[in-house]
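S.K.: Make a model of this:
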Amino acid sequence: MPGPDFRLCLVTDRAATRGRPLARVVQECLAAGLRAVQLREKELRTGELFQLAGELRALTWRHGARFFLNDRADVALAVGADGVHLPADGLPAESARRVIGFERSLGISTHSAAETEVAARGGADFVFFGPIYDTPSKRAHGAAQGLAALAAACQRSPVPVLAIGGVTAARVAEVRRAGAVGVAVIRALLEQEDPARATKEMLAACEDAWR
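M.R.: Numbering: from 1, shown residues only. As a prediction, this is how the structure comes out:
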């Protein structure tokens, strides 16, 4: 599969929606122009994950958006997702590729320039690199990497790199200058009082940065 055909990807986290149903918030973002969603809800049981994945798959189909599932290649295939996104310590890329084939995209989270190269060799179509800035959702992965580390990863990676971790509309231009092809966000959209407005602002920032 080729690299991503989007500049902005929403990664889900139900804890960031301020008590609102995740599907409702995602729907608002999609209606505002969002074209990629990654479902990342690790604590859900398989049945619950399948139900939520099916709901979001239907929404993304309706809006012509890409839909990826974190880690669970089996559920991704079951709901007709566009691809799978693996955590850095997840299923080996080669194994995931055998499951999903080459008609679906494979993304991998990375936290160093070396990891981006390994991911590419394993068959990733694109990688997320981060966390670029300090953010609560990524503190488990260590300190913020910063723009210099992002630039090094982009220079060494043979596949497209999307920046993740604390990225806001005001920061999009600087991650673009570091070499990223797009951004992935959680709280920048999900925890906002007006997710649709936040989506439009992020998309406008991406359009300006990659013009």
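
S.K.: Around D194, how many other residues sit close by?
M.R.: By other CB atoms under 10 Å, 11 other residues sit near D194. (C-beta placed from N, C-alpha, C; glycine too.)

S.K.: same thing with the one 10 residues further on?
M.R.: Using other CB under 10 Å, the number of residues around A204 comes to 13.

S.K.: Name all residues that make contact with it.
M.R.: For A204, the contact set (CB atoms under 8 Å, 6 or more residues apart in numbering) comprises A169.

S.K.: where do the helices sit along the chain?
M.R.: Taking DSSP state H, the helices of the chain run over residues 22-31, 46-62, 73-79, 93-100, 113-122, 146-156, 172-177, 187-190, 195-209.

S.K.: Please indicate which of the ones you listed has the most neighbours on average?
M.R.: Mean neighbours per residue, mean count of other CB atoms under 10 Å, is largest over those for helix 187-190, with a mean of 23.

S.K.: who touches that one?
M.R.: 10, 12-13, 16-17, 22, 25, 29, 34, 135-137, 167-169, 195, 198-199, 202.

S.K.: Pull up the per-residue confidence for the closest residue to L150 other than its chain neighbours.
M.R.: Leaving aside its chain neighbours, L150 sits nearest to A178 (4.4 Å; criterion: CB to CB, 6 or more residues apart in numbering). Note on A178: pLDDT of 98.
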